[in-house]
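In: can't give you the sequence, but here's the structure:
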């Protein structure tokens, strides 16, 4: 059993010294192209791929293998 009670979504976890009074929501969003899909990789998976190009190459290879393994309809 955990030493800490379960936290609810409504609890405030922000420290008092954090000041977002002048923050701008979505400030860096324009940096990403509109067709980019952001995903979170598990740490062990992320460790296997040094960059996005390697991830895309591996996924394309997987797609090719899946197409060859599936009989054409």
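Out: In hand now; what should we look at? Values in this document were obtained by computation on a predicted structure and should not be read as measured data.
In: which parts of the longest helix belonging to the chain are buried?
Out: In the chain, assigned by DSSP state H, the helix with the most residues is helix 52-69. Across helix 52-69, burial judged by 16 or more other C-beta atoms under 10 Å covers residue 55. To be clear about C-beta, it is placed using only N, CA and C from the backbone, and glycine gets the same treatment.
In: by contact count, what packs against the helix or strand containing residue 44?
Out: Element membership for residue 44, per DSSP states H and E: helix 43-48. Applying 3 or more C-beta pairs under 8 Å, 6 or more residues apart in numbering; DSSP states H and E, one finds that helix 43-48 contacts no other helix or strand.
In: Please report how far the residue nearest the centre of the chain lies from residue 22.
Out: The centroid of the chain falls nearest to residue 40 when counting by C-alpha atoms, centre = their mean (2.3 Å). Using C-beta to C-beta, to the nearest Å, residue 40 is found at 28 Å from residue 22.
In: Quick one: residues in contact with stretch 56-66.
Out: By C-beta atoms under 8 Å, 6 or more residues apart in numbering, the list of residues contacting stretch 56-66 from outside reads residue 49.
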